[in-house]
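**Student:** okay, structure incoming, though there's no sequence with it:
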């Protein structure tokens, strides 16, 4: 078996982020997925909150915090990884489609080190970890071709999207393994996922390599900034103005720590305060005067 035909190292497995040896047995003991839970609005956690009230639940205020130095001697990178993916949550998942430089190999993979950073121009970040020093196919393809398609993952195809994280050998397409449908893009060569409610064709703007602080000199990751050059939104999800996607149709999935995901079934609305309006309240005006001289 050649190096290119060997399964890639599975970073998730080496980090033991799946602690249950027989997951299907454990899953069978859990309640079925609640398909009756639909998107709806609720009140905020504390509708009667007033300025200066602070946190809603003050019962945990007696707990102290533990200070952690991410670069402390003896601290392993995997400890920082597990801490961060369980603390920075929920994370949006960029389901990225790419094409190899020679155009012969396709790749489709989910990344939760992903987010939007600007709307004008539309800019997104993708963070690629180089676990075991091995560059990911998606990273290689994006840097070589300067193109990709970012698809947002919904409940309707989460199992198929997750299967694309498999450590298959180079040349084995995740498209076929997932059963998802590739559709031609307009501006870039990689195809988009037809099942995705929202997809973004994107082109590379710039990239930057990272070195480990724990093991100086070791390349551990790459940041890619890409610009959205074409949007695709399923017609039943888009409002008449063409500006808003209905969360009830999108049904987004987020990434938590380990192998845990979360779904979005409810939300609440919370208007931002307008200073010139709230200052008309004598109590808030008093707080503002106290804030002018506030010192830590």
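**Tutor:** Received the coordinates, thanks. Treat the numbers as computed from the prediction; the structure is a model and nothing was measured. Numbers count the residues shown, from 1 in each chain.
**Student:** can you give me the helices in the protein?
**Tutor:** 11-14, 23-28, 77-87, 137-145, 158-163, 174-178, 247-250, 275-278, 282-292 (DSSP state H).
**Student:** most packed of those?
**Tutor:** Across those, averaging neighbours per residue (mean count of other C-beta atoms under 10 Å) puts helix 137-145 on top, at a mean of 20. Yep, even glycine has a C-beta here, placed from its N, CA and C like the rest.
**Student:** strands of the protein, start to end?
**Tutor:** Taking DSSP state E as the test, the strands found in the chain are 40-41, 94-99, 106-111, 114-119, 122-129, 147-152, 182-183, 192-193, 198-211, 219-233, 253-255, 261-263, 266-267.
**Student:** with mean pLDDT as extra columns, can I get the ones you listed in TSV?
**Tutor:** As requested, these are arranged in TSV below (pLDDT from 0 to 100):
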stretch	mean pLDDT
strand 40-41	95
strand 94-99	98
strand 106-111	96
strand 114-119	98
strand 122-129	97
strand 147-152	98
strand 182-183	98
strand 192-193	98
strand 198-211	97
strand 219-233	97
strand 253-255	97
strand 261-263	97
strand 266-267	96
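**Student:** of all those strands, which lies closest to residue 29?
**Tutor:** For residue 29, the closest of those is strand 261-263, at 18.2 Å, according to C-beta to C-beta.
**Student:** which residues touch that closest one?
**Tutor:** Contacts to strand 261-263, defined as C-beta atoms under 8 Å, 6 or more residues apart in numbering, come from residues 89, 90, 155, 158, 162, 251, 252, 253, 254, 255, 256.
**Student:** go ahead and build a ChimeraX selection from the buried members of the residues you listed.
**Tutor:** Under the burial definition 16 or more other C-beta atoms under 10 Å, those of the contacts of strand 261-263 that qualify are selected in ChimeraX by:
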select :90,155,158,162,251,252,253,254,255
